[in-house]
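Asker: Build me a structure from this.
(one chain, ligands or ions: 1)
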Amino acid sequence: MTLDFKAYFFDMDGVLYDSMPNHEYTWTNSFASFGILFPSEMAYINEGRTGRGTINLVMNKLYGRDASEQEITDIYGLKTKLMQGCPKAPVMPSMQDIISYLREKGKQVFVVTGSKQPSLIDKLNADFAFDAAHVVSGADVKMGKPDPEPYLIALQRSGLSRDECAVIENAPLGVRAAKAAGLFCIGVNTGKLDDHYLTDEGVDVLFHSTAELKDILV
Ligand code: CA
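Answerer: Below is the predicted model of the structure:
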């Protein structure tokens, strides 16, 4: 198999950083503080959804209604606070090598994430030498994943056509966004979900670790 594209759009959480355990911990514990059971698998199934979207989904499942503004403020506020106490998420194995190698080969490399933490660009610059022009963040979009919008912005910035670009995603909603944008999607299942969550969304090829990804790209 050859996976040779002119541009690669990398998702961040669960692809560039091993950050999903922190999200799993903070979601389950924040909901638990309000007496709501949020199974850890749900953190992975809903990865990429906004905080508001995730809380609304849970309230609709439990009570058949959207969350109140107070509930969103309380639950998401506690999640954010718990996150501040979490260890810094380490860079995923092999990812710095992969990014460097692709740049050496003259490929364009972008990050496409729903995150909008203020230190995002600094962090991505320090760890992977990304500049702001190569990061599509939560601050750049109206819709966010699973809408194709963030990947379409990366596509536009690349100046290439769809079939010259590939997405690297770990999450079902991220794969949905990539496929809705009409892009080839390389899945890397680094979390706790069965593969079918990714194959059901139409992922084109699936790996189970970033080291495996390195073997095929580098
Ligand atoms: Ca992700």
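Asker: where do the helices sit along this structure?
Answerer: Assigned by DSSP state H, the helices in the chain fall at 20-33, 40-45, 51-63, 69-84, 95-104, 120-128, 149-158, 172-180, 196-199, 210-217.
Asker: can you list the residues of this structure near the ion?
Answerer: Neighbours of the ion within the chain, by Cβ under 5 Å from the ion: 11, 13, 14, 170, 171. C-beta coordinates here come from the backbone N, C-alpha and C atoms, glycine included.
Asker: go with 8 Å
Answerer: For the chain, the residues in contact with the ion (Cβ under 8 Å from the ion) are 11-15, 20, 47-48, 113, 169-171, 174.
Asker: contacts for the worst-scoring helix or strand of the chain on mean pLDDT?
Answerer: Lowest on mean pLDDT, DSSP states H and E among the helices and strands of the chain sits helix 210-217, with a mean of 88. With contact meaning Cβ atoms under 8 Å, 6 or more residues apart in numbering, helix 210-217 is reached by 1, 3, 15, 92-95, 97-98, 101-102, 168, 186, 188, 190, 207.
Asker: returning to what we had before: filter the residues of the chain next to the ion down to the ones in strands?
Answerer: Mapping those onto strands (DSSP state E) picks out residue 169.
Asker: Any idea which of the residues of the chain next to the ion the model trusts least?
Answerer: pLDDT across those is at its lowest for residue 48, which sits at 87.
Asker: List the contacts of that residue.
Answerer: Residue 48 makes contacts with 11, 114, 144, 145, 146, 171, 173, 174, 177, as judged by Cβ under 8 Å, 6+ apart.
Asker: got a list of what the fourth one touches?
Answerer: Right, residue 145. 48, 49, 114, 171, 173, 174, 176, 177 are the contacts of residue 145 under Cβ under 8 Å, 6+ apart.
Asker: rewinding a little: need the contacts of residue 48 in TSV (columns: distance to residue 41).
Answerer: Below are those laid out as TSV (distance: Cβ to Cβ, whole Å):
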residue	distance to residue 41
11	19
114	20
144	22
145	19
146	18
171	12
173	14
174	16
177	20
